[in-house]
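> what would the 3D arrangement of this be:
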Amino acid sequence: MAQALRPNTVGGLFATDGKPHPLQDTLLVVTLVLGITAFVTAMFHNLHLLSSWTGLVGILTGAYGQWISETTRERFGLIIGLGASAVGFFLGMAHGGLFGGVF
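Numbers count the residues shown, from 1 in each chain. Coordinates of the predicted model:
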């Protein structure tokens, strides 16, 4: 009989509690897009400015998203975006940094 009392978590993609979370979902999508952009552009030495800046912004938005996230699915997506952003950021820094090696 305990099965009848469990909530159905198969429903929505991001909100497992049945409530809408527009800010958290927006931060999730922004973090994923920035992470993918930073990760892909980090593979090219001449795009280090783009990869380092998008990685940095992706890390910051992902960290804030983690701070205010309410469901496990949101946190899972944010961790994927944070990881991709961090890899892109660090490779961008290794290839020339945020300011292109001016200093």
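
> hmm, E74 is touching T26, no?
No: applying CB atoms under 8 Å, one finds E74 not in contact with T26, separated by 10.8 Å. The way it works is simple: take the backbone N, C-alpha and C, and place the C-beta from them, glycine included.

> neighbour count winner among the two?
In this view E74 and T26 are compared by other CB atoms under 10 Å, and E74 has more residues nearby, 22 against 12.

> for the more buried one, which non-adjacent residue is closest in space?
Of all residues not flanking E74 in the chain, Q24 sits nearest, at 5.1 Å (CB to CB, 6 or more residues apart in numbering).

> OK, contacts around the one you found?
14, 65, 68-71, 74 (CB atoms under 8 Å, 6 or more residues apart in numbering).

> roughly how far apart are it and G35?
Distance from Q24 to G35, counting by CB to CB, to the nearest Å: 16 Å.

> the longest helix anywhere in the chain - contacts with which helices or strands?
Taking DSSP state H as the assignment, the helix of the chain that covers the most residues is helix 72-95. When contacts are defined as 3 or more CB pairs under 8 Å, 6 or more residues apart in numbering; DSSP states H and E, helix 72-95 sits against helix 22-41, helix 48-68.

> which residues touch V57?
34, 85.

> at 7 Å instead, please
Residues in contact with V57 (CB atoms under 7 Å, 6 or more residues apart in numbering) are L34.
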